[in-house]
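S.K.: only geometry, no sequence info:
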């Protein structure tokens, strides 16, 4: 069996390699992330500064969220760890080469945020003409993520649901206002706790 396969059983690591012995964790649910895909890249220093990141190795986290990657010793400007998992937002983490030791493995814990979704269900039952709402929550920058920006809904026949992604295990707010049939302004203010990996529905009747 190879040294790589036996690393956790005390196999001696090669001295001509840099090694990365790290953990992927979800602090929101206080649990290791099993089955995460990990890619290690670096900017090579050979031939001067190179802005591109070249692939050095890849791994999949075990039941304890741990992964191990070895790379041949070279001079690098920067390392980058890219982590993805179906139930979490992707994470990108930079490592300073000065912090990677020669004789022992580099150890670190990389935190991923759990995915969750907020579905804002709006029902116009009072012949209102316009409603404005925004989902305020911690989230990632992604297609389909909540942005915190105002959404304007017009028309008297509204029964619609708007869904966007946020970090799980947090309190979210939906704030805004609507105009009644006489032009009066009324506030919209709802809160809910969003569980990780789940969809939370917030109903707004106006």
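M.R.: That came through, no problem. What you see is a predicted model; the values in this text were computed from it and never measured.
S.K.: what residue of this protein is the furthest out?
M.R.: Computed with CA atoms, centre = their mean, the residue of the chain farthest from its C-alpha average is residue 182, at 43.9 Å.
S.K.: Which of the three states applies to that one?
M.R.: coil (DSSP: H, G, I helix; E, B strand; the rest coil).
S.K.: List the residues that contact it.
M.R.: By CB atoms under 8 Å, 6 or more residues apart in numbering, residue 182 lies in contact with nothing. Every C-beta, even on glycine, is put in place using the N, C-alpha and C of the backbone.
S.K.: Residue 171 now?
M.R.: So, once contact is read as CB under 8 Å, 6+ apart, residue 171 ends up touching 191-194.
S.K.: For it, give me the pLDDT.
M.R.: Listed pLDDT for residue 171 reads 98.
S.K.: buried set for the strand or helix carrying it?
M.R.: Per DSSP states H and E, residue 171 falls inside strand 170-179. Under the neighbour-count criterion of 16 or more other CB atoms under 10 Å, strand 170-179 has 170, 172, 174-176, 178-179 buried.
S.K.: That strand pairs with which strands?
M.R.: strand 130-136 (antiparallel), strand 185-194 (antiparallel) (DSSP bridges).
S.K.: Specify the stretch among the ones you listed that is closest to residue 68.
M.R.: Residue 68 lies closest to strand 185-194 among the strands paired with strand 170-179, at 33.9 Å (CB to CB).
S.K.: which one is the residue nearest in space to the middle of the chain nearest to, not counting chain neighbours?
M.R.: Centroid-nearest residue in the chain: residue 89, 2.5 Å away (criterion: CA atoms, centre = their mean). The spatial neighbour of residue 89 that comes closest, neighbours along the chain excluded (CB to CB, 6 or more residues apart in numbering), is residue 140 at 4.4 Å.
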